[in-house]
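> Generate a structure from the sequence data that follows.
(one chain, ligands or ions: 1)
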Amino acid sequence: MTIWRYDEVRDDAPPVHVDRAGTPVRGLPAWPAAPRPFTSATERQGSPAARAVMAPDGPVIAIVQAHSDDLSFFGAGTVARLIRESGYTAYLIQTTNDDKCGPTPSVGETILANERETEALAGILGIRRVFNLGYANHFLDAASVAELRARLIFLFRLLRPDVVMTFNPAHPSEQNPDHWVTGQAVEAARWMAGLDKDYPEHLAAGLAPHFVRGRLYWVARAGQPTNRVVDVSDYLDVKVEALAVHQAQGTAGATGSRLRATLASRGLRVPALGDDDEAADRAYIRRFMLAPGTELGDRHGMACAEPFLYLDESDADAHEATVAAWVAENAVTKG
Ligand SMILES: [Zn+2]
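Residues are numbered from 1 along each chain as shown. This next block holds a predicted model:
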């Protein structure tokens, strides 16, 4: 199954996956990536591509992750489902550059490998655009949180998401500073973006205040609160492909093929890992990486599920409705 990221840049030629030396590389998208809105210096805000980004039809979700593989683990099935079944336009914002999580000692190549994989993930899920904010990996707490928040406020006013998906800002049992700083910056930004006194230059440039009302906080660590279970049974294959993208870092992408190689060096093999690296990676992901989702699904009569804490502005809506009902009941004609 091939899911193209942009209809307007659709290219039915098979992508060429090569490294800098021209050697074919499995699991990475073609480089350089296809042209996208806002990436060319010659593009203007008023271009059709830019207008398509700023004013899509239907609801919008902004996913804010710290690292290339966060969304794949915690919410890939739900995002795929929102795009395909509910008509969402999705944007992926990544706060760090992944420079500590890579396949080589080279910092530059590590960043590049992860960046390519994030683009590949966006292609698999159908995400319209990735914004890389580029902060140093593992050191988001050393960055200016006010600057990060300001950048997110700008993006929320530009993209006007109905929902953000990210880390729980309360972060119980979270050890990674990139995760909790991202969650806290998003929570503040999604609120401040709706106020009309913060960053008036945005308004002068043509953007309008925009509250992001819905928050889907994924469950990154055991013990984090949840009040929603999303059935992603029909998106198991998409989730496997999303996890398989991450060859550079984490416990998903290339772990199965590494295990297969280790076994082979000891004269062993596990038939369930298949006959090649690609099959081994996917078999490993299905057996081990999907386990939390299938176990959660078991408890709810689903093949696979993703848990979230969902919050919205229903309290504020209820308050406004109460005031409106009180006015309707008690208002008399002034005279
Ligand atoms: Zn992470």
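> from here on, contacts and neighbour counts on C-alpha atoms
OK.
> Now name the helix or strand holding V164.
When elements are defined using DSSP states H and E, V164 is found to belong to strand 163-167.
> ok, now G293?
Element membership of G293 [criterion: DSSP H and E] is helix 291-299.
> Can you list the helices and strands that that helix packs against?
strand 305-311 (3 or more Cα pairs under 8 Å, 6 or more residues apart in numbering; DSSP states H and E).
> So what are the sheet partners of the strand it packs on and their directions?
Taking DSSP bridges as the criterion, strand 305-311 forms sheet pairs with strand 214-218 (antiparallel), strand 228-231 (antiparallel).
> For the ion, find the nearest of those.
strand 214-218 (11.7 Å; Cα to the ion).
> is that closest one up against the ion anywhere?
No: contact of strand 214-218 with the ion (Cα under 5 Å from the ion) is absent, the minimum separation being 11.7 Å.
> now swap in stretch 172-188 and tell me
No: counting by Cα under 5 Å from the ion, no contacts exist between stretch 172-188 and the ion, the nearest distance being 6.1 Å.
> let's number from 33 now, not from 1
I'll keep to 33 as the first residue from here, and by that count the last item is stretch 204-220.
> Contact distance from the ion - what residues of the stretch 33-182 of the chain qualify?
Residues of the stretch 33-182 of the chain lying close to the ion by Cα under 5 Å from the ion are H99, D102.
> one step back: quick one: the helix holding G325 to strand 337-343, angle?
Calculated by axes from the mean of the first three to the mean of the last three Cα atoms, to 10 degrees, helix 323-331 forms an angle of 80 degrees with strand 337-343.
> which other helices and strands contact the helix or strand containing L124?
If you go by DSSP H and E, L124 is part of strand 121-128. With contacts defined as 3+ Cα pairs under 8 Å, 6+ apart, strand 121-128 has these neighbours: strand 92-97, helix 108-118, strand 161-167, helix 209-224.
> tell me, which of the ones you listed is the model least confident about?
Out of those, helix 108-118 stands lowest, with a mean of 92 (criterion: mean pLDDT).
> before we move on, the earlier item: paired strands for the strand holding L124, with orientation please.
strand 92-97 (parallel), strand 161-167 (parallel).
> Sort out which residues of the next helix-or-strand element following that strand are buried, please.
Remark: after strand 121-128, the chain's next helix or strand is helix 139-157, criterion DSSP H and E. By 16 or more other Cα atoms under 10 Å, the buried positions in helix 139-157 come out as 142-157.
> Do me a favour and average the pLDDT over helix 139-157.
Average pLDDT, helix 139-157: 91.
> Tell me how far it lies from the chain's centre.
Computed by Cα atoms, centre = their mean, to the nearest Å, the chain-centroid distance of helix 139-157 equals 13 Å.
> so it versus helix 108-118, what angle?
Going by the same axes, to 10 degrees, helix 139-157 makes 40 degrees with helix 108-118.
> helices or strands next to helix 139-157 in the packing?
By 3+ Cα pairs under 8 Å, 6+ apart, helix 139-157 packs against helix 108-118, strand 161-167, helix 268-276.
> hmm, 10 Å instead?
Judged by 3 or more Cα pairs under 10 Å, 6 or more residues apart in numbering; DSSP states H and E, helix 139-157 is in contact with helix 102-106, helix 108-118, strand 121-128, strand 161-167, helix 268-276.
> Redo these as a markdown table? Include mean neighbour count.
What follows is the helices and strands packed on helix 139-157, written out as a markdown table (neighbours: other Cα atoms under 10 Å):
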| stretch | mean neighbour count |
| --- | --- |
| helix 102-106 | 24 |
| helix 108-118 | 19 |
| strand 121-128 | 24 |
| strand 161-167 | 17 |
| helix 268-276 | 23 |
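> Tabulate those (JSON lines), appending distance to V195.
Shown next, in JSON lines, are the helices and strands packed on helix 139-157 (distance: least, Cα to Cα, whole Å):
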{"stretch": "helix 102-106", "distance to V195": "15"}
{"stretch": "helix 108-118", "distance to V195": "11"}
{"stretch": "strand 121-128", "distance to V195": "10"}
{"stretch": "strand 161-167", "distance to V195": "16"}
{"stretch": "helix 268-276", "distance to V195": "21"}
